[in-house]
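> How does the following fold in three dimensions:
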Amino acid sequence: MEDVKLYEMAVEAMEYAYAPYSHFKVGAAVLTKSGKVFTGCNVENASYGATICGERTAFVKAVSEGHKDIEAIAIAASDDNIVPFPCGICRQFIFEFGEDIRVILKNNDNKLITYKISELLPEGFRL
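Take a look at the predicted model:
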């Protein structure tokens with residue numbers, strides 16, 4: 001699958017976000033090595049610790065259906081002035097499933113950029 005298509009799926013997923021507190025909607029699309037895609041969005045909660053990011057939502061959907069071989073994740077956000085790099089928890093969550101997973105984002109010049117998760121989380125925690 002082309003990166004642009006995966007990113008478009010993340011944009012579509014963003015529309016389902018529940019963000020009444022931050023008003024910052026995030027959508028994510030996870031591509032498995034078998035070609036299946038799982039999408040997710042952020043879901044906020046008045047008890048902030050219960051909030052879940054879009055990246056983890058998409059990953060949990062994939063893993064809960066038996067797909068642990070992840071190739072890439074695309075992340076989109078509602079604010080075009082911010083490059084939606086994953087938060088620290090999400091970086092570790094992604095890293096758990098492979099150091100070479102590609103993270104696809106759109107930069108401030110409206111171009112897709114790609115990093116390996118190991119570039120965004122050098123020396124990630126691994127048992």
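
> ranges for the helices of this protein?
3-14, 54-64, 88-95, 117-120 (DSSP state H).

> Make a markdown table out of these and add mean pLDDT.
As requested, the helices of the chain are exported to a markdown table (pLDDT from 0 to 100):
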| stretch | mean pLDDT |
| --- | --- |
| helix 3-14 | 98 |
| helix 54-64 | 98 |
| helix 88-95 | 98 |
| helix 117-120 | 98 |
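
> Could you look over those helices and pick the most buried one?
helix 54-64 (a mean of 21; mean count of other CB atoms under 10 Å). Where C-beta positions appear, they are placed from N, C-alpha and C, glycine not excepted.

> now what about it, what contacts it?
With contacts defined as CB atoms under 8 Å, 6 or more residues apart in numbering, helix 54-64 is touched by 10, 13-14, 17, 26-30, 32, 36, 38-43, 52, 68, 70, 73, 75, 86, 89-90, 93-94, 97.

> let's go with 7 Å and repeat that
13, 17, 26-30, 32, 38-43, 70, 73, 75, 86, 90, 93-94 (CB atoms under 7 Å, 6 or more residues apart in numbering).

> on that earlier part again, which one of the helices of the chain lies closest to Tyr21?
helix 54-64 (14.9 Å; CB to CB).

> In JSON lines: the helices of the chain, plus distance to Asp79.
JSON lines is the format used below for the helices of the chain (distance: least, CB to CB, whole Å):
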{"stretch": "helix 3-14", "distance to Asp79": "11"}
{"stretch": "helix 54-64", "distance to Asp79": "14"}
{"stretch": "helix 88-95", "distance to Asp79": "17"}
{"stretch": "helix 117-120", "distance to Asp79": "19"}
